[in-house]
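Chemist: Predicted model follows, preceded by the sequence.
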Amino acid sequence: MIDRTDEERIAAAITEVEKTTSGEIMVVIGRAASGYHLVPIVWAALIALALPMLLLLVFSLTARRLYEIEWITFGVLAFVLSFGRYRYRLVPRWIKRGRAHEAAREQFLARRISYTHARTGILIYVALAEHFAELVPDAAVAELIDDASWKPVIERLTAKLREGRVGDGLVEAVESGGAILASKLPPRPDHMNELPNKVVLL
């Protein structure tokens, strides 16, 4: 995750940016978009099922011995592969991206970002285990700013995540994303801060 200093840096960046725009920014950081708990079981089962064919090419084994080997192999692999550092590596990238994308949408709804008065909120969501980041704009923002404008913001943030510089990446994303918001949504005299500036850690 991030430490207290990074939390404060990100919150301070949000506070400063929101002085220049009527847009609202919320940052949510999750350790992982999903637990992928079935992944070790699937891999263990596939390997345990394939193993007898390989063994029979080399050894002469009874059906009972093969059955025992299958169960032992399945149990050991299911246990070992269940540890996080192995489990996340076994998940295909497209599955991780899909689950993280769903999680971003879920957090957008859960954090009530669409409940702002003028629908000018955006969510910056990060899933650390997947090294995934997504920016989800509310309706009024999406009408004024196309997805292509956010792409460089997310690409730079994702690069920082891979380097382990989560705090730096999020501060930069808030500042660059805020500049885009300010260009289309300048501050209004009646604007109030409707979303908390504090980072949400899941």
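Modeler: That came through, no problem. Residues are numbered from 1 along each chain as shown.

Chemist: Need the mean per-residue confidence for the helix or strand in which Leu46 is found.
Modeler: Assigned by DSSP states H and E, Leu46 falls within helix 39-58. For helix 39-58, mean pLDDT rounds to 84.

Chemist: got it, and stretch 100-120?
Modeler: In this model, stretch 100-120 carries a mean pLDDT of 93.

Chemist: So what's the gap between that stretch and the chain middle?
Modeler: Centroid separation between stretch 100-120 and its chain, computed with CA atoms, centre = their mean, to the nearest Å, is 14 Å.

Chemist: And for Val80, the neighbour number?
Modeler: Neighbours of Val80 under the rule other CB atoms under 10 Å: 12. No exception for glycine: its C-beta is placed from N, CA and C like everyone else's.

Chemist: pLDDT score assigned to it?
Modeler: We have a pLDDT of 85 for Val80.

Chemist: Once you drop chain neighbours, what's closest to it?
Modeler: Leaving aside its sequence neighbours, Val80 sits nearest to Tyr86 (CB to CB, 6 or more residues apart in numbering; 6.8 Å).

Chemist: ok, residues contacting the helix or strand harbouring that neighbour?
Modeler: When elements are assigned from DSSP H and E, Tyr86 belongs to helix 84-90. With contact meaning CB atoms under 8 Å, 6 or more residues apart in numbering, helix 84-90 is reached by 32, 36-37, 39-40, 43, 80-81, 96, 129-130.

Chemist: residues of stretch 88-105 that come out buried?
Modeler: 88, 91, 96-97, 99-101, 103-104 (16 or more other CB atoms under 10 Å).

Chemist: right, I mislabeled it, should have said stretch 66-75
Modeler: Buried residues in stretch 66-75, counted by 16+ other CB under 10 Å: 66, 69-70, 73-74.

Chemist: How about stretch 184-202?
Modeler: In stretch 184-202, counting by 16+ other CB under 10 Å, buried: 184-185, 191, 195, 197, 199, 202.

Chemist: what's the distance between the residue nearest to Val80 and Ile10?
Modeler: As judged by CB to CB, to the nearest Å, Tyr86 and Ile10 stand 31 Å apart.

Chemist: Centre of the chain to the helix holding Tyr86, how far?
Modeler: 15 Å.

Chemist: quick one: least confident helix or strand in this structure?
Modeler: Ranked by mean pLDDT, DSSP states H and E, the weakest helix or strand in the chain is helix 84-90, scoring a mean of 77.

Chemist: CA-only coordinates of that one in PDB, if you can.
Modeler: Extracted as PDB, the C-alpha positions of helix 84-90 are listed here (Å, rounded to 0.1, in the frame of the first residue of the first chain):
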ATOM      1  CA  GLY A  84      -0.500 -14.300  -3.100                       C
ATOM      2  CA  ARG A  85       2.800 -13.800  -4.900                       C
ATOM      3  CA  TYR A  86       2.200 -17.000  -7.000                       C
ATOM      4  CA  ARG A  87      -1.600 -16.600  -7.300                       C
ATOM      5  CA  TYR A  88      -1.500 -13.200  -9.000                       C
ATOM      6  CA  ARG A  89       1.200 -14.300 -11.500                       C
ATOM      7  CA  LEU A  90      -1.000 -17.300 -12.600                       C
END
